[in-house]
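[1] sequence first, predicted model second:
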Amino acid sequence: MNVISASRRTDIPAFHHQWFMNRVREGYVRVVSPFGRGEHIVSLTPEEVIAIVFWTKNAGPLLPSLDELVDRGHCFTFLYTVNAYPRFIEPEVPEQCHTLSVLESMAKRFPESVVRWRYDTIVLTEDLDRQWHVTNFRSLCERLSPFTSECIISFCDYYRKTIAHMKRRVPDHRRPDEAQCRDMAEEMAEVAAESSIRVLSCAHEFLVSERIDRARCIDPEVLAKVVDSRSRAEAAAGLKRAPSRPECNCVASRDIGAYDTCGHGCVYCYANSDPERARDNVRLLSVDSDCLDPRANQGQG
């Protein structure tokens, strides 16, 4: 049995919910490796899936299908990124009022463990400085505390794609050193505690402290709270650590997404080489395709 990651590479709930539900109904998805170009089939039958982990900034489009997922025998959890950035950082992310409405709807239907909040990636600029982030984070903690008891944070990792985006779109961005990140994270943890929210650090071991725990985004302890059977719980407990990058603490999962298929256009994104190309790929993808990767779908109508 596998955990399905949907997905680190794109926002499936926001942009590919119909495609995803079609794949669930068919019981499988074809995935192309973003590195070696190899293809493999991943089962989406309930018998082969421990749980689905959705990574999203907008679960709204998928909301009407969650009951069907449950009826089909699936369990799931959401890693929900809420940053409340201005448009020059996150051009197409929904307004905060929409996000809060979606989270409220989910909270009425599912236990708290189904939603985990992420405040990442933390980007610093001349205007979005430490004080801006602390004030912004305090407001979000107050608003999100009814829906979650934890927040996973991470500072921007400057991958090659990210550096190119930053230089072009946010030339006044700042790259804090580890000491600056630690001081800021400690203040954020203190702020979060005021709203009974604990802070966890994603892939930044140097931030772990008495106040800040080590995050596992794909976490067997969280999965144990959302699965519905002993067999799934035992399968989750048996998963081995499988880091996706240095200092990642996640256990193994099967990612079914594809790069260059997210329409949010976030400036810090490592998964899109070109926001315009990504938006085109979102528009052109057939919801009946068995694969999300645009390269695998070339020539298909």
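    On my side now, so go ahead.
[2] how about Val251, what does it touch?
    Contacts for Val251 (Cβ atoms under 8 Å, 6 or more residues apart in numbering) come out as Val3, Arg216, Ile218, Asp219, Pro220, Leu239, Lys240, Arg241, Ala242. Placement of C-beta: from N, CA and C, glycine included.
[3] how about it, phi and psi?
    Recorded main-chain torsions at Val251 are phi -90, psi 180, according to degrees, to the nearest 10.
[4] for the residue lying closest to it once chain neighbours are set aside, give me the pLDDT.
    Using Cβ to Cβ, 6 or more residues apart in numbering and skipping the chain neighbours, the partner closest in space to Val251 is Leu239 (3.9 Å). Predicted confidence (pLDDT) for Leu239: 97.
[5] list buried residues within the contacts of Val251.
    Neighbour-count burial within the contacts of Val251 applies to Val3, Arg216, Ile218, Asp219, Pro220, Leu239; the criterion is 16 or more other Cβ atoms under 10 Å.
[6] let me have those in a markdown table, extended by distance to Leu66.
    Converted to a markdown table, the buried ones among the contacts of Val251 look like this (distance: Cβ to Cβ, whole Å):
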| residue | distance to Leu66 |
| --- | --- |
| Val3 | 18 |
| Arg216 | 24 |
| Ile218 | 20 |
| Asp219 | 21 |
| Pro220 | 22 |
| Leu239 | 24 |
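[7] can I get the residues you listed in CSV including secondary structure?
    Shown next, in CSV, are the buried ones among the contacts of Val251 (DSSP: H, G, I helix; E, B strand; the rest coil):
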residue, secondary structure
Val3, strand
Arg216, coil
Ile218, coil
Asp219, coil
Pro220, helix
Leu239, coil
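[8] ok, the residue positioned nearest the centre of the chain - contacts?
    For the chain, the residue whose C-alpha lies nearest the mean C-alpha position (Cα atoms, centre = their mean) is Trp55; its distance is 2.8 Å. Trp55 makes contact with Ser5, Ala6, Ser7, Arg8, Asp11, Ile12, Phe78, Leu79, Thr81 under the criterion Cβ under 8 Å, 6+ apart.
[9] turn these into JSON lines, including neighbour count, secondary structure and pLDDT.
    Conversion of those to JSON lines gives the following (neighbours: other Cβ atoms under 10 Å; DSSP: H, G, I helix; E, B strand; the rest coil; pLDDT from 0 to 100):
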{"residue": "Ser5", "neighbour count": "23", "secondary structure": "strand", "pLDDT": "98"}
{"residue": "Ala6", "neighbour count": "29", "secondary structure": "strand", "pLDDT": "98"}
{"residue": "Ser7", "neighbour count": "27", "secondary structure": "coil", "pLDDT": "96"}
{"residue": "Arg8", "neighbour count": "19", "secondary structure": "coil", "pLDDT": "96"}
{"residue": "Asp11", "neighbour count": "28", "secondary structure": "coil", "pLDDT": "98"}
{"residue": "Ile12", "neighbour count": "27", "secondary structure": "helix", "pLDDT": "98"}
{"residue": "Phe78", "neighbour count": "26", "secondary structure": "strand", "pLDDT": "98"}
{"residue": "Leu79", "neighbour count": "22", "secondary structure": "strand", "pLDDT": "98"}
{"residue": "Thr81", "neighbour count": "22", "secondary structure": "strand", "pLDDT": "98"}
